[in-house]
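S.K.: What shape does this take:
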Amino acid sequence: MNDVYWRRQEDGDKWYDAARIKALEGHGETVRAALTYLRELILIIDRLVVDPLMQRAFEHHDYARKLAETIQSFAQPLQVLDPSQCPNDLGICVTVTMRAILCSAQSNQPRNLALALEHGFMDTLVSLLKVCQAWQEGPGNLSICISGLQSYLPWPAVLAQLRPYYTSKVWLEAEKTAGRISELLGRRWRTFNVALWEHFQVHDLWDSKVRLCDNLECQRAINRGDMAASPPISRECSGCSAFVYCGELCQREDWDARHSTECTSARIDSITRKAAPGAWYSPHQRAYHVAIIEYRFNCLLARCADPCVITRAYKAGTMAPPIFSAIALAVLEQDGIMKSSRFFHLKASSVYGSAGPFLEIKQGQYPLRPLPCATELGYLQPRMDEYLKESGALKGEVELGNAAQEEDRRTVKYVECTFNLSKSTEVHVMVCRLRNFGPQGQASMKSQGIMEYYFYSAKGRQEFMIRSRNTLALLSKRKPYTLKVLDDHLKTLRAADIPNLQYSDTFGWGESEFEKIGAAFDALTSLAIIAERCTNPETDVSLSLKQTTIEKIIASFDLIEELASFFLTLRAPFPKLTRSDGSFPNIVAFLLDRIVELHPSILQRLCSSTTSIDLVIRLWTTENEDGQPYANIESDLGCGIVPLILHCIAGDEGRGAFVDRMGSREVGLPQRVALMTIKRLNAARFALTGNGLSKVSPEAASGYLKSVLVIIERLVTSPRIHRAFELHDYAPKIATTLREFSQFRLKAPRSAQYTQELCVSMGVALQAILGLATDNQPRNLALALAHGFMGTLVSLIKACASGRDLPHPNARILADCLQLLETYLPWNSVLLQLQSYFEGRSEAEMVIGRAPEPLGEGWKLFGIAVREHLLVYNAWGGKTVLCDNLQCQRDVKRTSRPGAVTGGGSATLLKSRECSGCSAFVYCGEHCQKQDWDARHSKECASARVDTITRRATPGAWYSPRQRAYHVALIEHRFNYFLSSRYGGSAIEPDKVTSTPPTFTDAALKNLWSRLRAPRVFHLNAAWVQSTETPFDEFYEGDYPFRSLQGMAQSYLQPRIDEYLWASGVFDNEPGRCTNKKEDMSTVKYVECSLTFGATDLHVMVKMRLHMDERRGVGRFLAVSSMARFGLKPPMPDI
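M.R.: Alright, predicted model coming up:
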């Protein structure tokens, strides 16, 4: 796949050069035509580079630099042309180039934009503005380009490339012309210049040193007017390199207060982001952003006191950080800014202008807790909440800090600013500002505590005692259930007040907080017991009481959901719980599962809530100390996690919500869910064997295995998650687990329940392997067969034939498994894995005992089909002997012995040669290739090449000519045996089927055609030809139904299939049909076969020609040409 990307990018480089040569050297092309060509090319690049995989390929070849160089080469010719001719096209090129650089899905936009500016992109923009000024208007797209450039000014790499332009005479002239172009473009250009001036002011004042401190309680001196009092250069945390401190004291304070719980997660995040180009947000970069925010906020306050101060400074060309007198501060306090405003959020890229650049946030109005779609840097959320609680921006939150918090409101401000890191990610920088009074009574706002955050996650750890579920169940049974009991439990849940505890310093909790949490957990457990009691038909709960209970639980579901999330956050080793009935995640899962079972509306409520789905995903992916998922099969409760997720994904709507939520979160989540699901197969194996340590019965272990396989089957059939399962080789791991369960059954007699569960598991496993919505089914099935899947199936069939421990109704499941396997026998990888079970055995040996129907008949037919395929495969010899030319006249004389000669002709065909352009069409020689190219393939080759590249890049989707050659040999074999059976009027004995198809005399064929009424096309509808029923459908003139397949993506093949059908005469009065083909219908036949290929049906059309041995007077039909096409098939029925 990557090779394709590199080749496309190299082709793009050649296109740039071609466009530039046409414009500058003038090889018969005008500048206008070359510019139009370049515009279309850049639009293509813009569409491709938004894909994350393609973006890496383009960046590998420095696409931003090459785009800038190419566009710059067009700016010079435009200055000597009529300005009304081409600038609009060049403006579109510049704008789309900016979009291609800034709208990719990764975090490299500042770097790519800096590369483009370094290689003349800004020269082109300034030149284009001058051309636009010539007729007082310009391309409207340029205003969008300027706005995009302005949003990335806070990044030093971009700003450094703009300094030469800002200080040059060319730039000043371009700025003066802004008043003589269109109103929108001129206003955007002036705003951009103001923003650029502001950033250069900040950058010149910044000393390029990292002078930050991430300790919220830092008391450093920050009087920067006195150099001796300037803060020292910050030192990084040696563990994570993401947090910085002004000294050892602040680092120690922050470690004890909060950073000890963040450092490990921050270190992982730092390593990940440093490994991704452009994704690392360094403390050095953050220090510059803090300087920008500090400058902007002081300018805001100065403008509030004097509205014209920034305008005067801009006209003067410089502006020092403003300071405020006592009178100015009194004015600000009178306006409410210095007293009541809690929080400020920057909403503009400059403080210049009439609109307020900062949004003042009052108490309870902060909108960004947590950030949307926030998952990655969740360890920062407690720190962020501490900022917000100290600022008082959260409504109803307990404010932290000193007792003089209200007095500090005038001297402490919290300011936040958002910077673009990529199309999908923003950096939110939070700065705590202190007012520092100088010796003359003047003040300015300086930064103290700083943090950056991206995403959201819960934190909280504590220790408390809880009672076991068994104890609470015994207490519940001793007294009757009433609504008062339920109301008391719900009241206890509300009293816990989780929102005010979840992100607090849990190590400072008092005894009362621990008692509330313990009581809340006991109440939650009691709710699960109540739900279990209401669902038990043997209890004395009335219908009205049950209905009222359901309504109250639904009304309190948000509270239950919040508590479950809170308790799951408390992970080992921090919570020291007294429990005797399983691990903590298992208990939470058990509680939710019992509540969900109470009524379908509760399940619907769970599946419609992203919080609940996140909770289920978290339960499913939680690991214990040894890296394995929590299974807890041995606990008194059993495994509660597996039934819970079964409830969630049992319906299509719930499964869709579950998969959608996984896709909307981090990229690696589907793979992690798949990995944890497959690891539960290991839990089932350990529960069964356990080396003498497991206390689980074999029946419980087999039941657990069946549930896990059902989960895999439900998840893997979703197109958006099946790749994650294939990445972890789920098919061979399923087969290995089933093989061990089968071997365990053979070691000692087991109950009928164990064998029955294993039989059902086989059916579910095969459905999971073959139920994919992609084309990997033959490969996955072959992997499963290579790891013992067939051996397990044969073992269960033998158990069914013995009649001792397998009920006859379950024989239907095994028969369906054989029927599914039979549909994949035409694929070589599957057939070769079955060869060891059937090759060299007689028909009697392949029949196992007295298996009940329909298993006995199914096994017999399966053995016949396998034997027929093996005969054809061995006779085929593995060579590609095809020709896709419809008019091929090759000598096709063949005998059963390779190398033999019959009738004076060659006995074997030469190996076919592929088309060098598409690799999808093959020919027997140069003459046929040239003839087919002139007739039809010249129109197909380009589309076929794209189709070949796409299918080869998708695992299992490529249908090679070699595989088609075997299918053609199989169809040829079946068709000749079909004619033999129709001529003889009876079924062919399986033992009489040989690798050499039967032959026919002229008289036999004439008799046969007279009885068959000369059908035009034969369509195979069975997997074997030994049946007494006809395995071929016969289509006559005007009744062929497969001309246009549903969902056929290979539209370029439609003219070719039409030519086959016209030649066959199956069309009724179609124009263009060859009239002389009617005479050939006795010697030329068209045969089609449908094969299963993933979510599609593979239709192989073969042109057969009768070859007569003149010496013997007999002949048979041999393949001349063929073609294959794909169409959608109906869904596979459940086993």
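
S.K.: Ranking helices and strands of the protein by mean pLDDT, which lands last?
M.R.: Across the helices and strands of the chain, mean pLDDT, DSSP states H and E gives its lowest value to strand 443-453, namely a mean of 42.

S.K.: And for Ala242, the neighbour number?
M.R.: Around Ala242 there are 25 other residues, counting by other C-beta atoms under 10 Å. (Glycine included, C-beta is placed from N, CA and C.)

S.K.: Give me the nearest residue to it, chain neighbours excluded.
M.R.: Ala266 (4.6 Å; C-beta to C-beta, 6 or more residues apart in numbering).

S.K.: Show the average pLDDT along whatever helix or strand that neighbour lives in.
M.R.: Assigned by DSSP states H and E, Ala266 belongs to helix 263-275. Averaged across helix 263-275, pLDDT comes to 81.

S.K.: average pLDDT for the next helix-or-strand element following it?
M.R.: Sequence order places helix 283-305 as the next helix or strand after helix 263-275, per DSSP H and E. For helix 283-305, mean pLDDT is 78.

S.K.: Using CSV, write out every CA atom in helix 283-305.
M.R.: The C-alpha trace of helix 283-305 is given here as CSV (Å, rounded to 0.1, in the frame of the first residue of the first chain):
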residue,chain,number,x,y,z
PRO,A,283,7.5,23.5,27.3
HIS,A,284,9.5,25.9,25.2
GLN,A,285,6.6,26.4,22.8
ARG,A,286,4.2,26.7,25.8
ALA,A,287,6.4,29.4,27.3
TYR,A,288,6.0,31.5,24.2
HIS,A,289,2.2,31.0,24.2
VAL,A,290,2.1,32.1,27.8
ALA,A,291,3.9,35.2,26.9
ILE,A,292,1.3,35.9,24.1
ILE,A,293,-1.6,35.4,26.5
GLU,A,294,0.1,37.7,29.2
TYR,A,295,0.7,40.4,26.6
ARG,A,296,-2.9,40.2,25.2
PHE,A,297,-4.5,40.2,28.6
ASN,A,298,-2.7,43.3,29.8
CYS,A,299,-3.5,45.0,26.5
LEU,A,300,-7.2,44.1,27.1
LEU,A,301,-7.1,45.8,30.5
ALA,A,302,-5.3,48.8,29.0
ARG,A,303,-7.9,49.1,26.3
CYS,A,304,-10.7,48.9,28.9
ALA,A,305,-9.2,51.9,30.7
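
S.K.: From Phe1126, how far out is Leu1045?
M.R.: According to C-beta to C-beta, to the nearest Å, Leu1045 and Phe1126 sit 7 Å apart.

S.K.: Going by neighbour count, which residues of the helix or strand hosting Pro110 are buried?
M.R.: Here Pro110 sits within helix 109-118, counting by DSSP H and E. By neighbour count with 16 or more other C-beta atoms under 10 Å, helix 109-118 contains the buried residues 109-117.

S.K.: Can you check what angle separates it from helix 283-305?
M.R.: Put simply, helix 109-118 runs at 80 degrees to helix 283-305, going by axes from the mean of the first three to the mean of the last three C-alpha atoms, to 10 degrees.

S.K.: quick one: what helix or strand has Ser241 in it?
M.R.: Per DSSP H and E, there is no helix or strand for Ser241.

S.K.: What is the neighbour count of it?
M.R.: By the criterion of other C-beta under 10 Å, Ser241 has 16 neighbours.

S.K.: Identify the spatial nearest neighbour of Met1048, chain neighbours not counted.
M.R.: What sits nearest to Met1048 in space, not counting adjacent residues and going by C-beta to C-beta, 6+ apart, is Gly1127, at 4.9 Å.

S.K.: go on, Glu118?
M.R.: Spatially, and ignoring its direct neighbours in sequence, Glu118 is nearest to Gln161 (5.3 Å; C-beta to C-beta, 6+ apart).

S.K.: measure Phe862 to Arg974 for me?
M.R.: For Phe862, the distance to Arg974 equals 17 Å [C-beta to C-beta].

S.K.: how many other residues sit next to Thr525?
M.R.: Residues within reach of Thr525, counting by other C-beta under 10 Å, total 25.

S.K.: nope, Arg47 is what I meant
M.R.: Counted with other C-beta under 10 Å, residues neighbouring Arg47 total 12.

S.K.: ok, now Ala33?
M.R.: 13.

S.K.: Just the element for it, please.
M.R.: Judged by DSSP H and E, Ala33 forms part of helix 31-49.

S.K.: Tell me the first helix or strand C-terminal of that helix.
M.R.: Using DSSP H and E, the helix or strand that follows helix 31-49 in sequence is helix 52-60.

S.K.: pretty sure Tyr754 is touching Leu705, no?
M.R.: No. Using C-beta atoms under 8 Å, Tyr754 is not in contact with Leu705, being 10.5 Å away.

S.K.: Neighbour count: these two, which is higher?
M.R.: Per other C-beta under 10 Å, whichever of Tyr754 and Leu705 has more neighbours is Leu705, with 28 against 22.

S.K.: Now Val710: closest residue in space that isn't a chain neighbour?
M.R.: Val764 (5.6 Å).

S.K.: and the one you found, how many neighbours does it have?
M.R.: Residues lying near Val764 (other C-beta under 10 Å) number 24.

S.K.: What are the boundaries of the strands in the stretch 851-1000 of the chain?
M.R.: 913-914, 922-923 (DSSP state E, counting those that start in this stretch).

S.K.: Those strands: which one's closest to Asp488?
M.R.: In terms of C-beta to C-beta, the element of the strands of the stretch 851-1000 of the chain nearest to Asp488 is strand 913-914, at 77.9 Å.

S.K.: Please enumerate the helices of the stretch 551-700 of the chain.
M.R.: Assigned by DSSP state H, counting those that start in this stretch, the stretch 551-700 of the chain shows helices spanning 557-569, 584-596, 600-607, 610-621, 641-649, 652-664, 669-688, 698-716.

S.K.: okay, the strands of the stretch 851-1000 of the chain, which one's buried deepest?
M.R.: When you average the neighbours per residue for each of the strands of the stretch 851-1000 of the chain (mean count of other C-beta atoms under 10 Å), strand 922-923 leads with a mean of 24.
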